[in-house]
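Visitor: what would the 3D arrangement of this be:
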Amino acid sequence: MRVSGTPIGSICAAALALFLAGCGQQQNSAQAQEQRPAPEVMVTTLAPQRVEIVSELPGRTAPYRVAEVRPQVTGVIRKRLFTEGGEVRADQQLYEIDPARYQAAYDSARASLARAQSALNSAKLLAERYRTLIEARAVSKQQYDDAVASQQQAEADVASAKAAIETAGINLVYTKVLAPISGRVGRSTVTEGALVTSDQTAALATVQQLDPIYVDVTQSTTQLLRLQHELANGQLQSAGADQATVKLVFDDGTEYSQLGKLLFSEVTVDHGTGSVTMRAVFPNPQRQLLPGMFVHARLVEGVSEQALLVPQQGVSRNQRGEPTALVVGQDNKVEMRVLKVDRAIGDKWLVLDGVKAGDKVVVEGLQKARPGTVVRAVEANKLSDEAPQEQPNPGERKLTQRQ
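Guide: The predicted structure follows:
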């Protein structure tokens, strides 16, 4: 029998040959796969580390005290007795206003007092004399009453003259313009020969106390309540009653050498943003901190003794957006783990769940390590004893390892 001119036996023989050839190729491919070595991947063995929980708050420096130097009397500036930008002491003379008119007023008040005291002495003698004569009925009662009234008037004149002397003396003292506080004085707004008045709005100069110095930081009310709770529970490093120790970092990343105290009292809530302004105080003996500088305040909130840090190159995300990592098990098989991460620290993630100490996380060769495949794990550079240096964003809670 023939089909399309081809014997049936020939067709069956050809089909059998093709089937046997395919089986042979599959067997050779399986043998080649078995003989192929396991792919090599780089792994990092996780080890618990001691890290500090840090909250970083942006802020600006502000002087501890600010005093504007203003004239209390009207006159012409004769001398300026300070160097602009220099340090001054409290009650140090800064300006001298021409005292001539005020010296004359003081001398006139003293002369008026002498005249009033002379009149008082005369009135007293007359009243004493009339008191003796009235007993002998040598003078009338009206004359005696007039003498007593004259004495009282003279006493009032003396008191008024003394007050005038005091006022004139105060004005004379005010011709010496003194520094109200100790600190650094700014530029002078007037020069010698300038006319100043007692009611002018412009200050002659400004004195700012820079040691200690304030750092005003901004924080949300929710985070403020959390910080107060952590301070009360002892999680924050305390610097006294209702105070926490705080470090200062400049805008270029360098750290200020002095520790400060963060105050939680006298905060004001911004009705528009719901944030509060907290004030930290820092010693500033070298005047390294100047008013208006942008800085970061770092608070150590707590310490985690068993933190696990996973390199970021070993963490990816699945279709659900969940962070995942490939872990090499004891049988060298790759497993997929879903992680729970907290935050980034430098080039690593702080992992809260999904891996444990001793797990080998694949950090290189991820394309070779598919879940279920057998790989040959090669240890990458071990984690250093020191945690990586992070560059946190202002206002975010960060972690840094204790140095």
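Visitor: alpha carbons only for contacts and neighbour counts from here, please
Guide: Will do.
Visitor: secondary structure class of residue 208, three-state.
Guide: The three-state label for residue 208, taken from DSSP: H, G, I helix; E, B strand; the rest coil, comes out as strand.
Visitor: now do the same contact list for it.
Guide: When contacts are counted by CA atoms under 8 Å, 6 or more residues apart in numbering, residue 208 touches 63-67, 181-185.
Visitor: where does residue 145 land in three-state SS?
Guide: At residue 145 the chain is in helix, as set by three-state DSSP.
Visitor: count the neighbours of residue 204 for me.
Guide: 20 (other CA atoms under 10 Å).
Visitor: ok, it to residue 180 distance?
Guide: 12 Å (CA to CA, to the nearest Å).
Visitor: give me the below-cutoff pLDDT ranges for the protein.
Guide: 1-36, 53, 230-231, 234-243, 265-267, 301-304, 381-403 (pLDDT under 70).
Visitor: in it, where's the longest strand?
Guide: Ranked by residue count under DSSP state E, the longest strand found in the chain is strand 49-69.
Visitor: picking up where we left off before, who touches both of residue 204 and residue 180?
Guide: With CA under 8 Å, 6+ apart, residue 204 and residue 180 have common neighbours residue 69.
Visitor: returning to that earlier point: skip ahead from the longest strand of the chain and say which helix or strand is next.
Guide: strand 75-80 (DSSP states H and E).
Visitor: and what about the nearest residue to residue 168 once chain neighbours are set aside, helix, strand or coil?
Guide: Excluding the flanking residues, the one nearest residue 168 by CA to CA, 6 or more residues apart in numbering is residue 106, at 4.7 Å. Three-state call for residue 106 (three-state DSSP): helix.
Visitor: and residue 106, how far is that from residue 156?
Guide: The value you get for residue 106 to residue 156, if CA to CA is used, is 19 Å.
Visitor: do the same with residue 62
Guide: For residue 62, the distance to residue 156 - CA to CA - is 51 Å.
Visitor: the two: which has the busier surroundings?
Guide: Taking other CA under 10 Å, residue 62 and residue 156 do not tie; residue 62 has more neighbours (23 against 14).
Visitor: what's across from that one in the sheet?
Guide: Residues in a beta bridge with residue 62, per DSSP bridges, are residue 214.
Visitor: tell me the contacts of it?
Guide: Residue 62 touches 213-216, 290-292, counting by CA under 8 Å, 6+ apart.
Visitor: closest to residue 318 among these?
Guide: residue 216 (42.4 Å; CA to CA).
Visitor: that closest one - that's part of a strand, no?
Guide: Yes: Residue 216: assigned to a strand according to three-state DSSP.
Visitor: what about residue 252, neighbour count?
Guide: 7.
Visitor: cool, the one 3 residues further on as well?
Guide: Under the neighbour criterion other CA under 10 Å, residue 255 is assigned a count of 15.
Visitor: could you give the backbone dihedrals for residue 160?
Guide: Torsion angles at residue 160 (phi, psi; degrees, to the nearest 10) stand at phi -70, psi -40.
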